[in-house]
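Enquirer: Next one to model:
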Amino acid sequence: MLDLVRLRVLAAVAAHGSVTAAAAALHYTQPTVSHHLARLEAATGAKLVQKAGRGIRLTPEGEVLARRAAEIVGRVDAADAELAALVGLRSGLVRVGAFSSALSELVPPAAAELRREHPNLQFQLTDVHPRVAVQQLRAGAIDLAIVFRYDDEQPDDGIRYTYLRDDPIHLLSRRTGETLADHRDSDWIAGCVNCRHELLQHCADAGFTPRIAFTSDDVIVKQALVRAGLGVTTTPGLALRAHLADGVRSTELPVVRRILLATYGEPPDPPATAAFITALKRVTLV
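Expert: Numbering: from 1, shown residues only. This next block holds a predicted model:
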């Protein structure tokens, strides 16, 4: 039988990339981590790690087991949180993954409201892109996610989605009343390669390919570039609630993304998670 502690060690090595980092994350000594890896290899009969320079790396067998170990550990941690939450919500952990503007505008008031009602509840909040959040849900690393989707996207199988609100997209420039097409010849400020798909699609729908001159995922940096007249960009309305720089003008576009709450697994949700969902729905109506 595979030992849960040793699976947790292997998952930590895979996540952190080295025995040293895994030991620090788990509050173990390095020899203890190495011992657990050796015992896990003995139990499985497979070579799980191999030397690579001054460190180690996972073998193909190790990578397979590490992926499953992360899922198992995540599910066990979730079970611990559920059992704790069942004790009248006197304790428990709610693990939330959300994109930046939701994490700054929606999650804090919901968490604060729930904390007032249940002071001993703990929160683990992670800033994460929706695609990664869905992966973390499946792996049991988080209990719920706040994600966004556009009308042409299909939900992932096995994920339960609950609609929270619409979030209109805005053009940021130095004048109001403009359209995307008005800036077909302008320089554009886009997010990273993994985060600019929506911008490219919006511009394509307007009949042009944007000339991307600057790359940043930071809303403050993007608005500073717009204010300086170095380019234009788009941003969701929820992000504008957090920050709108002087000299930057926003124009609402006929594009809307849907903000959704995502959970995984069969209902009902654990009590602590369900309570947080209720609080989150309340604050989105404000």
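Enquirer: For stretch 122-136, buried residues please.
Expert: With burial defined by 16 or more other C-beta atoms under 10 Å, the residues of stretch 122-136 counted as buried are 123, 128, 129, 130, 132, 133, 134, 135, 136. Backbone N, C-alpha and C define where each C-beta goes, glycine included.
Enquirer: Looking at those, which is nearest residue 222?
Expert: residue 129 (16.6 Å; C-beta to C-beta).
Enquirer: so the closest one sits right up against residue 195, yeah?
Expert: Yes: Residue 129 sits in contact with residue 195 when judged by C-beta atoms under 8 Å, with a separation of 6.8 Å.
Enquirer: quick one, what contacts the spatially most central residue of the chain?
Expert: For the chain, the residue nearest the mean C-alpha position is residue 128 (2.1 Å; C-alpha atoms, centre = their mean). Shown here is residue 128, whose contacts under the criterion C-beta atoms under 8 Å, 6 or more residues apart in numbering are 97, 98, 99, 136, 145.
Enquirer: pretty sure the first one is in a helix, no?
Expert: This points to residue 97. No: under DSSP: H, G, I helix; E, B strand; the rest coil, residue 97 sits outside any helix and is assigned strand.
Enquirer: What are the buried residues along stretch 9-28?
Expert: Within stretch 9-28, the residues that qualify as buried by neighbour count (16+ other C-beta under 10 Å) are 9, 10, 11, 12, 13, 14, 18, 19, 22, 23, 26, 28.
Enquirer: So residue 277: helix, strand or coil?
Expert: Three-state call for residue 277 (three-state DSSP): helix.
Enquirer: Double-check it against residue 144; I have them as touching.
Expert: Yes: here residue 277 reaches residue 144: they are 6.8 Å apart, a contact under C-beta under 8 Å.
Enquirer: out of the buried residues of stretch 9-28, what pair is the most spread apart?
Expert: For the buried residues of stretch 9-28, the farthest-apart pair by C-beta to C-beta is 14 and 28; their separation is 15.3 Å.
Enquirer: Quick check: residue 192 is in a helix.
Expert: No: when three-state DSSP is applied, residue 192 is found to be coil, with no helix at that position.
Enquirer: neighbours of the closest residue to it other than its chain neighbours, just the number please.
Expert: Spatially, and ignoring its direct neighbours in sequence, residue 192 is nearest to residue 217 (5.5 Å; C-beta to C-beta, 6 or more residues apart in numbering). Other residues near residue 217 come to 14 when the count uses other C-beta atoms under 10 Å.
Enquirer: so when I look at residue 217, I'm seeing a strand, right?
Expert: No: assessed by three-state DSSP, residue 217 does not belong to a strand; its assignment is coil.
Enquirer: Any stretches of the chain with poor pLDDT?
Expert: Applying pLDDT under 70 to the chain flags the ranges 81-82, 84-91, 151-157, 286.
Enquirer: who does the longest helix anywhere in it touch, helix- and strand-wise?
Expert: Using DSSP state H to assign secondary structure, the helix with the most residues in the chain is helix 60-85. Contact here means 3 or more C-beta pairs under 8 Å, 6 or more residues apart in numbering; DSSP states H and E; on that basis helix 60-85 packs against helix 4-16, strand 93-98, helix 130-139, helix 271-284.
Enquirer: need these in TSV with distance to residue 34, can you?
Expert: Compiled in TSV, these are given as follows (distance: least, C-beta to C-beta, whole Å):
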stretch	distance to residue 34
helix 4-16	9
strand 93-98	29
helix 130-139	25
helix 271-284	36
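Enquirer: These: which one's closest to residue 262?
Expert: Of all these, helix 130-139 comes closest under C-beta to C-beta, at 6.2 Å.
Enquirer: measure the residue nearest to residue 220 when sequence neighbours are not counted to residue 216 for me?
Expert: Distance criterion C-beta to C-beta, 6+ apart; nearest residue to residue 220, sequence neighbours excluded, is residue 243 at 6.0 Å. Using C-beta to C-beta, to the nearest Å, one gets 13 Å for the distance from residue 243 to residue 216.
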